[in-house]
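S.K.: sharing a model prediction with you, sequence too.
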Amino acid sequence: MGLDARVRCRCFEDGRLKPGPVPVTDLYIDEDGYLASRTLDTASIRYDWRRYHARYGKLDEEFTLWLEDCCEHENGEYCSEWIGTWGMYGVFQDAVEEAGGKEVLPLLGHMLPTANGGQYPVEKTEATLVEVEQFIRITRDECARGMACSLQRLLLASLETRNPILWC
């Protein structure tokens, strides 16, 4: 088990999605940062699994398949990175401490989640990118440097798209 992250493309915001099984007016970005359908989400809350599947199963399947290639980016991902295993996560945290810890690298020290899920806000990406670049220059640990390079790519993608980093 490990930590992955992605940055969603801007095709939804820029109106560049292919026609899909639900109207574009039904689409939204959910609280986890993913493209979703209001109709399907409302129905999944309203009905138990059996009734939902009976009424919306086909549409749900079509929607899920459409999400894979709804735009020019596979699964709507502008950038996708494997960060590392949870063991590597510990090595990274140790390397951050050796580089000055949260006093010197306050954003980087708090950037990674402690579990899968959640987001890293766009508003912090520019300042965090400065810290990541500083950390890459300082650290001698190759594992931590590799993870930092993955974070750097995600931060650059987040700055470019103005979308948050999604931990998964």
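M.R.: On my side now, so go ahead.

S.K.: switch to C-alpha atoms for all contacts and neighbour counts from now on
M.R.: Noted.

S.K.: OK, contacts around Ala95?
M.R.: Going by CA atoms under 8 Å, 6 or more residues apart in numbering, Ala95 touches Thr139, Asp141, Ala144.

S.K.: what's the answer for Arg38, then?
M.R.: Taking CA under 8 Å, 6+ apart, one finds Asp26, Leu27, Tyr28 in contact with Arg38.

S.K.: ok, now with 10 Å
M.R.: Val22, Thr25, Asp26, Leu27, Tyr28, Ile29, Asp30, Ser44 (CA atoms under 10 Å, 6 or more residues apart in numbering).

S.K.: just the buried residues of stretch 102-111, please?
M.R.: Leu105, Leu107, Leu108, Gly109, Met111 (16 or more other CA atoms under 10 Å).

S.K.: what's next to it, contact-wise?
M.R.: So stretch 102-111 is in contact with 92-94, 96-97, 99-101, 119-121, 124-125, 127-132, 134-135, 148, 151, going by CA under 10 Å, 6+ apart.

S.K.: can you rerun that using 7 Å?
M.R.: Val96, Gly101, Thr128, Glu131, Val132 (CA atoms under 7 Å, 6 or more residues apart in numbering).

S.K.: could those residues go into JSON lines alongside neighbour count, pLDDT and distance to Thr39?
M.R.: Shown next, in JSON lines, are the contacts of stretch 102-111 (neighbours: other CA atoms under 10 Å; pLDDT from 0 to 100; distance: CA to CA, whole Å):
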{"residue": "Val96", "neighbour count": "22", "pLDDT": "95", "distance to Thr39": "44"}
{"residue": "Gly101", "neighbour count": "16", "pLDDT": "91", "distance to Thr39": "46"}
{"residue": "Thr128", "neighbour count": "22", "pLDDT": "97", "distance to Thr39": "37"}
{"residue": "Glu131", "neighbour count": "20", "pLDDT": "97", "distance to Thr39": "42"}
{"residue": "Val132", "neighbour count": "24", "pLDDT": "97", "distance to Thr39": "40"}
